[in-house]
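Asker: Attaching a predicted model along with its sequence, questions to come.
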Amino acid sequence: MMGMTENYSRDDAVEKGDLGFAFGSGQSDDISAPAPTHFRGAGSILVDAFGRRISSLRLSVTDRCDLRCFYCMAKTVSFQPRSEVLSLQELCQVAEVFINLGVRNLRLTGGEPLVRRGVLWLVERLGEQIGQGKLDELTLTTNATRLKDEAAALWAAGVRRINVSLDTLDPETFHRITGHGDLHGVLDGIAAAQERGFAIKINTVALKGVNDHEFDALIAWCGRQGADMTLIETMPLGDIATSGRDFYLPLNEARDRIGQRWELLPSEFRTSGPSDYVTVAETGRRLGFITPLSHRFCGACNRVRVTCTGKLYMCLGRDDGVVDLRGPLRAAGDPTVLEDIVRTAIAGKPEGHKFGAGGGRAEGALARRMNVTGG
Ligand code: SAM
Ligand code: SF4
């Protein structure tokens, strides 16, 4: 990746003005239209065959991004045709189906969610569901390149916590990891969000030989910023899987090294996600370790994912059992048709992921990239 030569065009990365409008089958991003209502499923809950209650949805609002992190996007990126991407209204309808079936935590992701034209309309509509016995929380995962401009609107819409991906504090390394990104803009975005009052968690992908000498600096910086931090192992996703593996750093190694510099206290804090937390005694901040290739957390998994093209993935680490929501939604023009489809799909949620299971690609790599499924 260090020799990445892809010619970057901002127009290629960021959604163009027309992308938000007139998607296939007559769908449009008419954001003056009312948000959808009337669901049979209101008040119900989604439970899979293993007794796991599904209460969390990650909704990808675009596969596009203004950065090109080498572990996430292929060198030659091809984005989904616009006709296949859900309109903002369709995304809202899909989210409402899940909310009415018992989803309480909704995270918007991508690609980069803030490059989706008109995305604030969606955030506002979904924000209206917070605290109405519907959504407990609406959150966002972002690269923060546009956070400075959008922080106030996100806050007004009801978002209170934001995950920011930040792999390095060195401008040159940032540039190399992201293809062309400007670290200062990202740091300004984080500062603006913190000033506004957002709780920020920093997500750092651990990259051997790239940023592994910076973990101590990042932990200290997060301590000063008052931000929690999570280290993530690279996952073998998409056609960048092999290059991602070149930089794979087992987090048990990283944790041992970090433990020599910092006092890591056991933490009671748990989420249903694949993160294992400690508290850094010197900073008082949480430090998480996400080791997705382990199966330790599948038993508590409470989440599913929907891509920007309306595909429901029951597990980030599997390519099977994917269910199309876009086709039925567009055919019926009525989101309630999705209720039974979602219930049946969730009943078939697999017990665990298939990372590392082989299957013709490099050590269990999955065909899709992270910007497609959403992190
Ligand atoms: N663009 C936003 C961002 O970067 O935060 C949201 C989408 S991004 C796909 C979500 C998360 O996935 C980021 O924290 C990113 O570092 C992580 N990610 C992407 N590709 C990955 C991979 N192959 N292995 C592990 N994490 C990955
Ligand atoms: Fe874009 Fe996020 Fe993927 Fe980086 S990790 S290329 S910021 S979607």
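Answerer: Received the coordinates, thanks. Numbers count the residues shown, from 1 in each chain. Ligands and ions are numbered 1, 2, ... in the order given.
Asker: Please name the bridge partners of the closest residue to ligand 2 within the stretch 201-350 of the chain.
Answerer: In the stretch 201-350 of the chain, the residue that lies nearest ligand 2 is residue 205 (7.8 Å; Cβ to the nearest ligand atom). The way it works is simple: take the backbone N, C-alpha and C, and place the C-beta from them, glycine included. On the basis of DSSP bridges, residue 205 is bridged to residue 232.
Asker: dump the residue contacts of it.
Answerer: Residues near residue 205 by Cβ atoms under 8 Å, 6 or more residues apart in numbering: 69, 71, 165, 167, 211, 231-234.
Asker: low-confidence ranges in the protein?
Answerer: 1-44, 237-245, 271-274, 293-296, 353-375 (pLDDT under 70).
Asker: what about the helices in it?
Answerer: 10-13, 88-100, 119-127, 147-157, 171-178, 183-196, 215-225, 241-246, 251-261, 326-332, 338-347, 370-373 (DSSP state H).
Asker: Of these, which is nearest ligand 1?
Answerer: Comparing the helices of the chain by Cβ to the nearest ligand atom, helix 370-373 comes nearest, at 3.3 Å.
Asker: And for residue 286, the neighbour number?
Answerer: Residues near residue 286, counting by other Cβ atoms under 10 Å, number 18.
Asker: got it, and residue 188?
Answerer: Count around residue 188 with other Cβ under 10 Å applied: 16.
Asker: what does residue 102 give?
Answerer: 18.
Asker: List the residues that contact the spatially closest residue to it that is not a sequence neighbour.
Answerer: Spatial nearest neighbour of residue 102, chain neighbours left out: residue 45 (3.8 Å); criterion: Cβ to Cβ, 6 or more residues apart in numbering. By Cβ under 8 Å, 6+ apart, the contact set of residue 45 is 53, 55, 101-102.
Asker: As a quick check, tell me the outermost residue of this protein.
Answerer: residue 260 (31.1 Å; Cα atoms, centre = their mean).
Asker: what sits against the residue in the stretch 101-250 of the chain positioned nearest to ligand 2?
Answerer: As assessed by Cβ to the nearest ligand atom, ligand 2 sits closest to residue 143 within the stretch 101-250 of the chain, at 3.6 Å. By Cβ under 8 Å, 6+ apart, residue 143 lies in contact with 65-67, 112, 164-165, 178, 181, 186.
Asker: what's the neighbour count on residue 246?
Answerer: 14.
Asker: To clarify, my last question referred to residue 331.
Answerer: Based on other Cβ under 10 Å, the number of other residues close to residue 331 is 10.
Asker: what's near enough to touch it?
Answerer: residue 337.
Asker: circling back: how much space between the residue farthest from the centre of the chain and residue 174?
Answerer: From residue 260 across to residue 174, the span is 26 Å (Cβ to Cβ, to the nearest Å).
Asker: returning to what we had before: tell me the most buried of the helices of the chain?
Answerer: helix 370-373 (a mean of 26; mean count of other Cβ atoms under 10 Å).
Asker: re earlier: now, which of the contacts of residue 205 lie close to ligand 2?
Answerer: 69, 165 (Cβ under 6 Å from any ligand atom).
Asker: Between the contacts of residue 205, which sits nearest ligand 1?
Answerer: residue 165 (3.4 Å).
Asker: Bridged to that closest one, which residues?
Answerer: residue 203.
Asker: Now tabulate the contacts of residue 205 in JSON lines and tack on distance to residue 81 and neighbour count.
Answerer: Listed next are the contacts of residue 205 as JSON lines, based on distance: Cβ to Cβ, whole Å; neighbours: other Cβ atoms under 10 Å:
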{"residue": "69", "distance to residue 81": "23", "neighbour count": "21"}
{"residue": "71", "distance to residue 81": "25", "neighbour count": "26"}
{"residue": "165", "distance to residue 81": "26", "neighbour count": "20"}
{"residue": "167", "distance to residue 81": "30", "neighbour count": "23"}
{"residue": "211", "distance to residue 81": "35", "neighbour count": "24"}
{"residue": "231", "distance to residue 81": "35", "neighbour count": "26"}
{"residue": "232", "distance to residue 81": "30", "neighbour count": "22"}
{"residue": "233", "distance to residue 81": "32", "neighbour count": "22"}
{"residue": "234", "distance to residue 81": "28", "neighbour count": "23"}
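Asker: Any chance of the contacts of residue 205 in TSV with distance to residue 83 as columns?
Answerer: Formatted as TSV, these follow (distance: Cβ to Cβ, whole Å):
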residue	distance to residue 83
69	27
71	29
165	29
167	34
211	38
231	38
232	33
233	35
234	32
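Asker: Would you mind listing what in the stretch 51-200 of the chain touches ligand 1?
Answerer: Checking the stretch 51-200 of the chain against ligand 1 by Cβ under 6 Å from any ligand atom, the hits are 65, 71-72, 109-110, 112, 141-143, 165.
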